[in-house]
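Asker: take this sequence and fold it.
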Amino acid sequence: MNIKLRNQLEELEEMRHNAFITALELKSSGKHIAGIYGVNVPREILWALDIIPINIFGIDGSNIEAAEGYIDKQGCSLVKASYGYIVTDKCPFSHFADIIIGTDYCHEKKRMIQMLDGLKQVYILNENTSESSAISEYKDLVYFLQQRFNVMLCEDRLKDIVKKNNTAVRLIQEITDIYIEHPYIMGSDDLISIVYGSQFIFDLDERINKIYQLKETLKRLLAESSVNFSARRILITGAPVAGFKDEVVKQLSSPDIAILSQSYCEGENYNIINEECDLYLGLAQKYISEGRTSHLDRIIKKYNIEVIVHMTFKRCCLMDREYENTNIPCLHITADYNDDYENIVMRIKEFLNKQILI
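Answerer: The predicted structure is shown next:
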């Protein structure tokens, strides 16, 4: 792999760990920090209020045992891992957070956030299916945050944040498109490092610059490459794949297949906001919870997905089977953090072999 590209990828891979120091510096400078659970928390509002949104969901099982002293041992690994990080105070992001904001998308996660009340200030957004309800919900959030942190929302500032975040989202989409068309240029785990790692660049201008520079590196390498072949396309969806990046996704990475990952419950929302309409309406249109069937159909059509691997945590309360109605080969895998990853990878490879993919 090209040295410049490798250095850029390694920087993004380590971004979450290195961001611990950045979070400390932000907190020490007087910045407010919001720990975020959920894809559909409108981060633009937080940025505009000068509150730094940081994903704090657990991506490993190191603190699950500690969580099981407080919550159901039979519960979802993601919920237990996330709760364990807070009760053990081992996550700098949640430690520095002035408030924890989540949504009611998952009732187990909602219950977990409610249990944190007393340890932290918490706020739970209702995910809505109507624009008017979502707009009302966001205005209530703004009012609450203004009162809680003695800040005021400036419409021009919100417009600027929306524009910048749209730029960052478009860059991520462009990099994803490059990878899907040319998976030999980097690994599927590298794409996860780019998407997930960039979420821990807390200055939007810096985030845009780093993603842009990476995109330009990829474009230059493509211009110099003579490789030209089509790869088969796989979607890994369901659980937050960042937690399984090295143990599962990296083991499946191949120049012959392009692996796209999409999570239902954690990470950031990569829809574009209409900058020409009312800002609250634009936010509502971006963050209204899209039906999982519609979302899956849209991704399949956009990227010409040929195979789906649907990963869910054992005992996930939102486990769905929409993927079975797509008329393309599907494999359902249930897993936990600290699971038998070798067996999981073997099952996926056997399934892909049957589809004559690898």
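Asker: what packs against the one helix or strand Lys110 maps to?
Answerer: Per DSSP states H and E, Lys110 falls inside helix 107-116. Counting contacts by 3 or more CB pairs under 8 Å, 6 or more residues apart in numbering; DSSP states H and E, helix 107-116 packs against helix 77-87, strand 99-103, strand 121-125. The C-beta positions use only the backbone N, C-alpha and C, and glycine is treated the same way.
Asker: what sits up against the first one?
Answerer: If you take CB atoms under 8 Å, 6 or more residues apart in numbering as the criterion, helix 77-87 is touched by 37, 56-71, 91, 94, 106, 108-109, 112, 115-116, 119-120, 239-240, 243, 265-266, 313-314, 335-337.
Asker: inside helices: which ones of those residues?
Answerer: Counted as lying in helices by DSSP state H, out of the contacts of helix 77-87, are Ile64, Glu65, Ala66, Ala67, Ser94, Glu108, Lys109, Met112, Met115, Leu116.
Asker: hang on, the fifth one packs against Ile56?
Answerer: Yes: using CB atoms under 8 Å, Ser94 is in contact with Ile56, at 4.7 Å.
Asker: which residues are in contact with both of those two?
Answerer: Listed as contacting both Ser94 and Ile56 by CB under 8 Å, 6+ apart are Gly35, Tyr85, Ile86, Ile100.
Asker: which one is Val241 nearest to, not counting chain neighbours?
Answerer: Spatially, and ignoring its direct neighbours in sequence, Val241 is nearest to Ser261 (3.9 Å; CB to CB, 6 or more residues apart in numbering).
Asker: how about the one you found, phi and psi?
Answerer: phi -120, psi 140 (degrees, to the nearest 10).
Asker: same thing with the one 5 residues further on?
Answerer: Recorded main-chain torsions at Glu266 are phi -140, psi 160, according to degrees, to the nearest 10.
Asker: burial measure for it, as a count.
Answerer: When neighbours are defined as other CB atoms under 10 Å, Glu266 has 25 of them.
Asker: from memory the residue nearest to Val241 sits against Gly238, does it?
Answerer: No: between Ser261 and Gly238 there is no contact under CB under 8 Å: 9.3 Å.
Asker: not counting its own residues, what contacts stretch 64-72?
Answerer: Ser77, Val79, Lys80, Ala81, Tyr83, Gly84, Val87, Thr88, Met112, Met115, Tyr337, Asn338.
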